[in-house]
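Asker: Pasting a predicted model and its sequence here:
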Amino acid sequence: MRVAILSDLHLGYERFYDDAYKQAREAFEAIANEGADMVIIPGDIFDKRNPKPDVMAQAINLFRDFSHQPWKAKLDKFIPLRGGKVYTDAPIIAIPGTHERVAEGKENPLTLLGLAGLLIDASEATAIIRKGEERVAVFGLGGLSEERVKSELLALGEKPIDGCFNIFMFHQSIYEILPFSDNFIHFDELPIGYDLYVNGHIHNKIEDKVHGKPFLIPGSTVLTQLKEGEQEPKGFYIFDTIAGTWEFKRILSRPFRFFRIQLADATPKDVIEEAESALEGALKEKGEKPIVKLSFSGTIAKGFKNVDLPLHSIYTKYSDKVMLDIDSSKVSDQDTQESIEEIREGKLEGTNIKDLGMEIFSSKLKESGFRADVNPAELFNILSSNKKEKAIKLATELFSDLEENNEGKSGI
């Protein structure tokens, strides 16, 4: 069979609301044109666990049209491990992702689509699809907290079905792909014996091996995170269960470009030139109004502060041409850098760090017009205390006394 694999539609995603729906529909239409026999969706059809009625309407429209096609493959058998039911034989199989996860025993928005007969909710269940003599069994495990997924797999103890091409579909972070936490599941902790492993959750496409078998992540159909790795085209996979081959199919999607711009003693004029060079390059590409992220790092010239960066003028000039996001959090000015280095190297001519902080604090109080009858040193000590409860108590007492004094002076 030809199995279409798409994921992470994120319907209702607010920043790119129209793109989420438009590109999901584009994917569904492309899958129909490819002549896929069945479809699997490993999570995050919705962006939120409680989608608004308009977003639910989008999903219903998409899946109603899609599920009513003249499918040659049909549901042959449904094996729930925890009491799930199925109300369609259309070969559209999905699981809830982390964005749809709700408290145990509660209904999530994907469940509602299943109850309406628009898809098969295969979370903690196996759906067997038949076309002629061929059978494909899909076991689904919906998105879980990282702490629960390993114990849940052991508790379920699900095994591949004899006489079927077996697919294990889930929605989790994978340590080999995102090595940030020991809680993330490892490849070798996934159940053995499946012919294909399919995961959602991660928004760029990935191809690998698990237990010697293909492992595929199709990525999302809409941009959500503005990360450098999301510049690849959006789309879905078509997997041929007989040949054991697969192909990634692109969909029409809004282009995204990510530029890292390294500054070295840059003036505001330099910043504008670097930004315009990147943006003009992005505008040469064909397609819809692009999404562009500029990530600045480095230093600006002596005599300039971060507030002098001409970011607003860049936004203004290109607002009608690109959907622009600028990150300048990694840019530093030389005066600040020199002060930091002096502190690190102890070049403050014997000045105590706490005294320096007190001096700056008192100066800022005066600049802001602070006239309270509170000793700045005492206030500084309260705010810099690492004993939170004591700091709150002393601050409350100080300002209570201040309030009483002010009331007495005003004659209230």
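Answerer: In hand now; what should we look at?
Asker: What number of residues are in the vicinity of Glu274?
Answerer: Glu274 sits with 18 neighbouring residues when counted by other C-beta atoms under 10 Å. Quick note: C-beta positions are derived from backbone N, CA and C, even for glycine.
Asker: swap in Ser151?
Answerer: Residues near Ser151, counting by other C-beta under 10 Å: 10.
Asker: now Phe304
Answerer: Quick note: Phe304 (other C-beta under 10 Å) scores 18 neighbours.
Asker: ditto for Phe380
Answerer: Around Phe380 there are 18 residues (other C-beta under 10 Å).
Asker: What secondary structure category should be reported for it?
Answerer: Of the three states, Phe380 takes helix under DSSP: H, G, I helix; E, B strand; the rest coil.
Asker: my guess is it meets Glu359, correct?
Answerer: No: Phe380 is beyond contact range of Glu359, at 9.9 Å (criterion: C-beta atoms under 8 Å).
Asker: can you list residues touching both of the two?
Answerer: Between them, Phe380 and Glu359 share no contacting residue under C-beta atoms under 8 Å, 6 or more residues apart in numbering.
Asker: Assumed Asp54 was part of a strand.
Answerer: No: Asp54: not assigned to a strand; according to three-state DSSP it is helix.
Asker: Show me the chain divided up by domain.
Answerer: Here the domain assignment for the chain is 2-250, 256-337, 352-410, based on automatic domain parsing.
Asker: if you compare those domains, which one is most tucked away?
Answerer: Mean neighbour count (mean count of other C-beta atoms under 10 Å) peaks for domain 2-250 among the domains of the chain, with a mean of 19.
Asker: quick one: terminal-to-terminal distance for it?
Answerer: 16 Å (C-alpha to C-alpha, to the nearest Å).
Asker: Run the chain-centre distance for that domain.
Answerer: Taking C-alpha atoms, centre = their mean, to the nearest Å, one finds the center of domain 2-250 at 17 Å from the center of the full chain.
Asker: still on that earlier bit, now the domains of the chain in a markdown table, with mean pLDDT?
Answerer: Listed next are the domains of the chain as a markdown table, based on pLDDT from 0 to 100:
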| stretch | mean pLDDT |
| --- | --- |
| domain 2-250 | 94 |
| domain 256-337 | 92 |
| domain 352-410 | 63 |
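Asker: And the helices in the protein, which stretches?
Answerer: 17-34, 53-67, 109-115, 146-156, 268-283, 311-318, 334-345, 353-367, 376-383, 388-410 (DSSP state H).
Asker: Just the C-alphas of the shortest one, formatted as CSV.
Answerer: By that I understand helix 109-115. Output in CSV follows, covering the C-alpha atoms of helix 109-115 (Å, rounded to 0.1, in the frame of the first residue of the first chain):
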residue,chain,number,x,y,z
PRO,A,109,-10.2,17.6,20.2
LEU,A,110,-8.9,14.7,18.2
THR,A,111,-11.3,12.4,20.1
LEU,A,112,-14.2,14.6,18.9
LEU,A,113,-13.1,14.1,15.2
GLY,A,114,-13.1,10.4,15.9
LEU,A,115,-16.5,10.5,17.5
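Asker: by contact count, what packs against that helix?
Answerer: In this structure, helix 109-115 packs against helix 53-67, strand 92-94, strand 120-121, with contacts taken as 3 or more C-beta pairs under 8 Å, 6 or more residues apart in numbering; DSSP states H and E.
Asker: I'd like to know which of those lies nearest to Val322.
Answerer: With C-beta to C-beta, the closest approach to Val322 among these belongs to helix 53-67: 25.9 Å.
Asker: do you know which of the helices and strands packed on helix 109-115 lies nearest Leu263?
Answerer: Taking the helices and strands packed on helix 109-115 one by one with C-beta to C-beta, helix 53-67 is closest: 40.9 Å.
Asker: and for that closest one, what are the contacting residues?
Answerer: 11-12, 21, 24-25, 28, 32, 39, 45-48, 51, 88, 90, 92, 109, 112-113, 116-119.
Asker: For Gly117, see how far away the residue nearest the centre of the chain is.
Answerer: Nearest to the mean C-alpha position of the chain, counting by C-alpha atoms, centre = their mean, stands Gln225 at 5.1 Å. According to C-beta to C-beta, to the nearest Å, Gln225 stands 33 Å off from Gly117.
Asker: and what of Lys74?
Answerer: Lys74 sits 14 Å away from Gly117, going by C-beta to C-beta.
Asker: which residues touch the residue nearest to the centre of the chain?
Answerer: Contacts of Gln225 by C-beta under 8 Å, 6+ apart are His203.
Asker: The closest residue to Val3 other than its chain neighbours pairs with what?
Answerer: Distance criterion C-beta to C-beta, 6 or more residues apart in numbering; nearest residue to Val3, sequence neighbours excluded, is Phe239 at 4.5 Å. Beta-bridge partners for Phe239, by DSSP bridges, are Val3, Trp246.
Asker: what ranges do the strands span in the stretch 151-300 of the chain?
Answerer: With strands called from DSSP state E, counting those that start in this stretch, the stretch 151-300 of the chain shows them at 165-170, 196-199, 206-210, 213-217, 235-240, 245-250, 256-266, 291-300.
Asker: And those strands: which comes nearest Asp188?
Answerer: strand 206-210 (8.2 Å).
Asker: and that closest one with strand 245-250, angle?
Answerer: With axes from the mean of the first three to the mean of the last three C-alpha atoms, to 10 degrees as the basis, strand 206-210 and strand 245-250 are set at 160 degrees to each other.
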